[in-house]
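A.B. asks: Following is a predicted model, sequence given first.
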Amino acid sequence: QWAEKHPMETLQAIGTTGEPWNLDPWMWCFRNVGKERAGIVNISGGTECGGSIVAGSIISPTKPMAFSGPTLGMAADVVDEAGNSLRGTVGELVVRNVWPGMTKGFWGNRELYIDTYWSRYPGMWHQGDFAYVDSENFWYLLGRSDDTIQLAGKRVGPAEVESALVKHDDVVEAAAVGVPDDVKGDAIVAFVVLRDGAEASAIEAELGEQVKAELGPAIKPSKVIQVAELPKTRSGKIMRRVVRAVYLGEPPGDLSALDNPSALDGIPTPSA
């Protein structure tokens, strides 16, 4: 209703950053907010980058959820575990050289900065996101590589599961995490924020079947849990590691980037 009420004839572009896009929300935004006229300019970087690593622009071709390519001045690449460039296959996002505005260290702890960003691939800055470059050289970010779920010998990205979940009309947003499982290695537990008035008990069962239909029986979440909100950083990134830790009753670790601590109160534990 909001998009219909405000036609926004003068809107020139929509800028987005933070969480990776899912297809259905991207298409909704393009059609209902951009009116299939104003482009969605996707950018991704970070405070420690001093800007963006990959980005789109209003004069470049685009695809749903994609970036046009590396930002000017960024020697970005996607690499395998050995540091070799990848195209057409998911890998780790890195930057192969220094750039204008980059951070030189953490305040009072330069060694932690070196260990966090420069130690995994010699001579390359490791960002920590899974990325993909398609056959037409469009770039995609797929979420944090340390959020990956090991499911029966297969790596499953949370974004795959979450995209299937948010296709349901009553799901506002979702987070999928892996929890220990004696058989599969990890089992998937999904946390969803529902629209006001949605009937949670019925929807939770529907969502499990929806993921099964989209991704196969092995990917079906063992549980789907409704929460009022998901813990996020100030830039809107879901803190999945915190969701997982709280759910398992483990220490949540560094919460300095958490913007909404109240979200942790609504995450149940398996015994709850």
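C.D. replies: Cool, got the structure. Numbers count the residues shown, from 1 in each chain.
A.B. asks: Run through the residues that contact the residue lying closest to A198 once chain neighbours are set aside.
C.D. replies: Spatial nearest neighbour of A198, chain neighbours left out: D170 (4.0 Å); criterion: C-beta to C-beta, 6 or more residues apart in numbering. Just so you know, the C-beta spots here come from the backbone N, C-alpha and C atoms, and that holds for glycine as well. Counting by C-beta atoms under 8 Å, 6 or more residues apart in numbering, D170 touches L194, R195, A198, I203.
A.B. asks: okay, and for the stretch 51-200 of the chain, where does confidence drop off?
C.D. replies: 152-153 (pLDDT under 70).
A.B. asks: That one: helices as residue ranges?
C.D. replies: Remark: helices assigned in the stretch 51-200 of the chain by DSSP state H, counting those that start in this stretch are 110-117, 158-166, 200-215.
A.B. asks: Make a markdown table from these and add distance to A76 and mean neighbour count to it.
C.D. replies: Putting these into a markdown table (distance: least, C-beta to C-beta, whole Å; neighbours: other C-beta atoms under 10 Å) gives the following:
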| stretch | distance to A76 | mean neighbour count |
| --- | --- | --- |
| helix 110-117 | 14 | 14 |
| helix 158-166 | 19 | 23 |
| helix 200-215 | 29 | 15 |
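A.B. asks: For V90, which of those is the nearest?
C.D. replies: Minimum separation from V90 across the helices of the stretch 51-200 of the chain (C-beta to C-beta) falls at helix 158-166, 10.7 Å.
A.B. asks: CA-only coordinates of the closest one in CSV, if you can.
C.D. replies: What follows is helix 158-166, C-alpha atoms only, in CSV (Å, rounded to 0.1, in the frame of the first residue of the first chain):
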residue,chain,number,x,y,z
PRO,A,158,22.1,-19.5,4.7
ALA,A,159,21.0,-17.3,1.8
GLU,A,160,19.7,-20.4,-0.1
VAL,A,161,17.4,-21.4,2.7
GLU,A,162,16.4,-17.9,3.6
SER,A,163,15.4,-17.1,0.0
ALA,A,164,13.1,-20.1,0.0
LEU,A,165,11.6,-18.9,3.4
VAL,A,166,10.9,-15.3,2.4
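A.B. asks: What is that helix packed up against?
C.D. replies: Helix 158-166 makes packing contacts with helix 23-28, strand 139-144, strand 171-181, strand 185-194, helix 200-215 when contacts are defined by 3 or more C-beta pairs under 8 Å, 6 or more residues apart in numbering; DSSP states H and E.
A.B. asks: Not counting its own residues, what contacts the second one?
C.D. replies: Read that as strand 139-144. Under the contact criterion C-beta under 8 Å, 6+ apart, strand 139-144 has outside partners 19-20, 44, 54, 65-70, 76, 78, 90, 93, 128-134, 157-159, 240.
A.B. asks: For it, C-alpha coordinates in CSV please.
C.D. replies: Only the C-alpha atoms of strand 139-144 are listed here, as CSV (Å, rounded to 0.1, in the frame of the first residue of the first chain):
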residue,chain,number,x,y,z
TRP,A,139,29.2,-10.1,-9.2
TYR,A,140,27.1,-11.5,-6.4
LEU,A,141,27.7,-11.6,-2.6
LEU,A,142,26.2,-14.6,-0.9
GLY,A,143,26.7,-13.9,2.8
ARG,A,144,29.4,-14.6,5.4
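A.B. asks: chain center to it, what's the gap?
C.D. replies: Distance of strand 139-144 from its chain centroid, counting by C-alpha atoms, centre = their mean, to the nearest Å, is 7 Å.
A.B. asks: Would you check how far apart S163 and V94 are?
C.D. replies: To V94, S163 is 25 Å away according to C-beta to C-beta, to the nearest Å.
A.B. asks: Among the helices and strands packed on helix 158-166, which comes closest to L258?
C.D. replies: Of all the helices and strands packed on helix 158-166, it is strand 171-181 that lies closest to L258, at 13.8 Å by C-beta to C-beta.
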